[in-house]
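A.B. asks: Sharing a model prediction with you, sequence too.
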Amino acid sequence: MSSRRRPKFTNRFTEARRAVIGRLVRLRNWFRPTTLFVICFTLLSLVTTLLLAQIHTQLSAQVYSEGDVVRAGVVSPADITAVDERATQLARAVLPNAPPTLVNLKRNQVVARAGDTVTTKMLAQFEAISRYSDTGRRPQHFIGIFLLVGALYFGAWKFIEHRSLTSTLTLSKGRAFTLVASAILIQTILMRVGAILAETISAQSVVAPWNDASLWSLAIPFAVATLLVALLMDVQLALTAGIIAALFAGLVSPNGMLMACYAMVSSSAAIYGIGRYSERQSVTLAGLFVAVVNAAAALAVLLAAQEPLTLGTILMAVGCGLLGGLFTTIFTAGALPVFESVFGILTDVKLLELSNADLPVLGQLALRAPGTNQHSHAVGQLTEEACRSIGANALLARIGALYHDIGKLAAPDMFVENQTGTNPHDRLRPSSSAKIITSHVTYGMKLAKEIGLPAKIAAFIPQHHGTRTLHYFLRKAQAQAIHGDRVNEAEFRYPGPRPQFKESAIMMLADSCEAAARSLARPDPENIRSIVSKIFDAIVSDGQLDECDLSLRELTTIKESMIASLVAIYHARIDYPGFNPPAVTGALTQLPQADLDTEERGLGYQTSEVPISKGGEVEDEAITRK
């Protein structure tokens, strides 16, 4: 093994993030799962309630002045009795012992209608409503909002629980609910901030339509939560998030019911206006589609609200709708990488990022184990084409192939594809050789955890070998054993597990087929078909595919795909006289010479001589070369 210092594959940020996550996991382990769920659910509902409960418009003399035009109707939220400070001061200026002047309002009393001129009496009533909103809100209001919010979140939880039983989700039901709830919470924060900004901006102008908070509210990005869930999970959960977010929008924004409908239309556009999330630009395209739909929906809101259809009002409504789509793009694009990292979701964009050859572990693989690196790319090509032929995730399989043998970085010279001279295993006991070879799986898993490799990609490392036995090394050990000594077969077996999903099963097949085809002395179509069929039969007979959902028809399709790909890789070339060495006329040597390079040594076997174990494993390392 190399004595060089082991390279570092992580940076300080990754180490700090891992430390924080470790502490959070230890904190979580203090509670039972049910207790933890109840605590987190209650906190989620409470925070959402605090964001939604501030629903009364803050009306005061700082918003309106005498003579202004009322922008939206004002209704008393309850029975209110308050002192009119200004009127009381004026009265006591004339009569020092004058009693305080009171403002009396009844619940649902109309204080002002849109278009009315603000009077001194209205200002006092506005001030009374504002003070009540700040200090006199009844506890039952919070309790009611809390119960409604809790019921909506619980409905989302039960729907996700049902979905997890009827279809396969990319996350567990607990993590899926956390993602949906987090997206809704972020959406609620954006709506609350947007409503406050709409009121603040509208208060700065007295000219219509710039003083209409309901028009400014059309620029709120109502579809962020829906778009996040649609991109990371599926459209059904996204629709659930959109419905809940739209109901919350009705509580937060002016013109509650109309804004709830507007938010639902915007969310629907986000759900059905996006295809597969295969590039970052998908978010931009979805945002543009939302902007166009928002503009049309904004005109519908104007008509439903009976707003004056002036040119300025129409342009402002359309402009705010377009801004809503733009803000949806901005906030979604910013939140996506965070959600991908926190929840470990493997999108196509994340997979493409993992294929970057400049990543430390892939760079070290190319530098220290060039044969393994080339083998990984070849296996990726075979696996990708085979996955396409049966409709599996081809990109996932190709990226999994790049990382499936990273454990060989621990001792690259111990594997035949990286050897340029003698075979180190010739000097080792079979049990020691088997331990070194099988340990590349355990070391690969350790390395995957260190670099933060997504679990779905890391699963390819142990599953592409399954629980197969190194039969050639096992037979060597049995042959060398002293009479009466028993050889422990477990020492010659990979730790597993067997492939659990289609892509890892295809990886197992492609890994063996590529190694076997490279070992052929004459890789013509007949020999390739023969060796691939032999490997498929061995792997199936060994029961390695029993735990994945590949059908016999799919296996036949995969086999034909791999044969076609290998024939294309090892296609024949035209001989050019004077540029090729003389053809070999005698019999081929049974074993390759030790001083040949890797590629020449890989083309040294007849079809029947390739060292394929009973489980379909190609064990070149077990062949003695002296």
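C.D. replies: Great, that's in hand. Numbering: from 1, shown residues only.
A.B. asks: what packs against the helix or strand where residue 230 lies?
C.D. replies: Assigned by DSSP states H and E, residue 230 falls within helix 224-232. Using 3 or more Cβ pairs under 8 Å, 6 or more residues apart in numbering; DSSP states H and E, the elements in contact with helix 224-232 are helix 173-203, helix 235-252, helix 256-272, helix 281-304, helix 311-343. Just so you know, the C-beta spots here come from the backbone N, C-alpha and C atoms, and that holds for glycine as well.
A.B. asks: List the buried residues of the third one.
C.D. replies: By that I understand helix 256-272. Judged by neighbour count using 16 or more other Cβ atoms under 10 Å, the buried positions of helix 256-272 are 258-271.
A.B. asks: any idea which of those residues is least confident?
C.D. replies: Of all these, residue 271 has the smallest pLDDT value, namely 88.
A.B. asks: And that one, how far from residue 155?
C.D. replies: The gap separating residue 271 from residue 155 is 18 Å, by Cβ to Cβ, to the nearest Å.
A.B. asks: Which parts of the stretch 1-150 of the chain are strands?
C.D. replies: Under the criterion DSSP state E, counting those that start in this stretch, strands of the stretch 1-150 of the chain are mapped to 74-75, 80-83, 102-105, 110-112.
A.B. asks: what about the ones you listed, which gets the closest to residue 169?
C.D. replies: Nearest of the strands of the stretch 1-150 of the chain to residue 169, taken as Cβ to Cβ: strand 74-75 at 44.8 Å.
A.B. asks: partner strands of the closest one, parallel or antiparallel?
C.D. replies: strand 110-112 (antiparallel) (DSSP bridges).
A.B. asks: In TSV: the helices and strands packed on helix 224-232, plus distance to residue 162.
C.D. replies: Formatted as TSV, the helices and strands packed on helix 224-232 follow (distance: least, Cβ to Cβ, whole Å):
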stretch	distance to residue 162
helix 173-203	9
helix 235-252	10
helix 256-272	19
helix 281-304	27
helix 311-343	20
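A.B. asks: List just the one of these that sits closest to residue 22.
C.D. replies: helix 311-343 (14.6 Å).
A.B. asks: got the angle for that closest one vs helix 224-232?
C.D. replies: When axes from the mean of the first three to the mean of the last three Cα atoms, to 10 degrees is applied, the directions of helix 311-343 and helix 224-232 differ by 50 degrees.
A.B. asks: so where is the stretch 451-600 of the chain shaky, pLDDT-wise?
C.D. replies: 484, 572-600 (pLDDT under 70).
A.B. asks: Now do the helices in it.
C.D. replies: 455-458, 460-463, 471-480, 502-519, 525-541, 552-569, 598-602 (DSSP state H, counting those that start in this stretch).
A.B. asks: Buried residues, stretch 411-427. List them.
C.D. replies: Within stretch 411-427, the residues scored as buried using 16+ other Cβ under 10 Å are 411, 412, 413, 414, 415, 416, 417, 418, 419, 423, 424, 425.
A.B. asks: Start and end of that stretch, how far apart?
C.D. replies: 16 Å (Cα to Cα, to the nearest Å).
A.B. asks: what's stretch 189-205 in contact with?
C.D. replies: Outside stretch 189-205, the residues within contact range by Cβ atoms under 8 Å, 6 or more residues apart in numbering are 51-52, 54, 57-58, 63, 71, 210-217, 219-222, 224, 245, 248-249, 252-254, 331.
A.B. asks: Just the buried ones from the residues you listed, in ChimeraX syntax?
C.D. replies: Selection of buried members from those for ChimeraX, criterion 16+ other Cβ under 10 Å:
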select :51,52,54,57,58,63,71,211,212,213,214,215,216,217,219,220,221,222,224,245,248,249,252,253,254,331
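A.B. asks: Mind checking which of the contacts of stretch 189-205 land in helices?
C.D. replies: Members of these lying in helices (criterion: DSSP state H): 51, 52, 213, 214, 215, 216, 224, 245, 248, 249, 252, 331.
A.B. asks: now, which of these sits nearest residue 114?
C.D. replies: Among the ones in helices among the contacts of stretch 189-205, and counting by Cβ to Cβ, the member closest to residue 114 is residue 214, at 10.0 Å.
A.B. asks: which one of the strands of the stretch 1-150 of the chain lies closest to residue 478?
C.D. replies: Once the strands of the stretch 1-150 of the chain are compared by Cβ to Cβ, strand 74-75 is nearest, at 90.7 Å.
A.B. asks: Please compute how far the closest one lies from its chain's middle.
C.D. replies: Offset of strand 74-75 from its chain centre (Cα atoms, centre = their mean, to the nearest Å): 45 Å.
A.B. asks: how close does the residue of the chain most remote from its centre sit to residue 164?
C.D. replies: Using Cα atoms, centre = their mean, the residue of the chain lying farthest from its centre is residue 95. It sits 72.0 Å away. Going from residue 95 to residue 164 by Cβ to Cβ gives 74 Å.
A.B. asks: ok so, going back, got CSV for the strands of the stretch 1-150 of the chain, with mean pLDDT and distance to residue 363 too?
C.D. replies: Below are those laid out as CSV (pLDDT from 0 to 100; distance: least, Cβ to Cβ, whole Å):
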stretch, mean pLDDT, distance to residue 363
strand 74-75, 84, 66
strand 80-83, 86, 70
strand 102-105, 88, 72
strand 110-112, 88, 69
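A.B. asks: out of those, which comes closest to residue 467?
C.D. replies: Evaluated over these, closeness to residue 467 peaks at strand 74-75, with 71.7 Å, by Cβ to Cβ.
A.B. asks: who's in contact with that closest one?
C.D. replies: 57, 59, 108, 109, 110, 111, 112, 125, 126, 129.
A.B. asks: Could you do stretch 169-187 as well?
C.D. replies: For stretch 169-187, using Cβ under 8 Å, 6+ apart, the contacting residues are 37, 40, 44, 47-48, 153, 156-157, 160-161, 163-164, 222, 224-226, 228-229, 232-234, 237, 240-241, 244-245, 248, 331, 335, 339, 343-346.
A.B. asks: Flag every buried residue along it.
C.D. replies: 169-171, 174-187.
A.B. asks: just stretch 318-333 next, same as before
C.D. replies: 318, 320-329, 331-332.
A.B. asks: Mind exporting the C-alpha coordinates of that stretch to PDB?
C.D. replies: Taking Å, rounded to 0.1, in the frame of the first residue of the first chain, the C-alpha atoms of stretch 318-333 are listed here in PDB:
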ATOM      1  CA  VAL A 318     -50.400  43.500 -14.700                       C
ATOM      2  CA  GLY A 319     -47.100  44.800 -13.600                       C
ATOM      3  CA  CYS A 320     -47.500  43.600 -10.000                       C
ATOM      4  CA  GLY A 321     -48.600  40.100 -11.300                       C
ATOM      5  CA  LEU A 322     -45.400  40.000 -13.400                       C
ATOM      6  CA  LEU A 323     -43.300  41.000 -10.400                       C
ATOM      7  CA  GLY A 324     -44.900  38.200  -8.400                       C
ATOM      8  CA  GLY A 325     -43.600  35.700 -11.000                       C
ATOM      9  CA  LEU A 326     -40.200  37.300 -10.900                       C
ATOM     10  CA  PHE A 327     -40.000  37.100  -7.100                       C
ATOM     11  CA  THR A 328     -41.200  33.500  -7.200                       C
ATOM     12  CA  THR A 329     -38.200  32.700  -9.400                       C
ATOM     13  CA  ILE A 330     -35.800  34.500  -7.200                       C
ATOM     14  CA  PHE A 331     -36.900  33.000  -3.800                       C
ATOM     15  CA  THR A 332     -37.400  29.500  -5.300                       C
ATOM     16  CA  ALA A 333     -33.900  29.500  -6.800                       C
END
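A.B. asks: Which residue is the nearest non-sequential neighbour of residue 284?
C.D. replies: residue 329 (5.6 Å; Cβ to Cβ, 6 or more residues apart in numbering).
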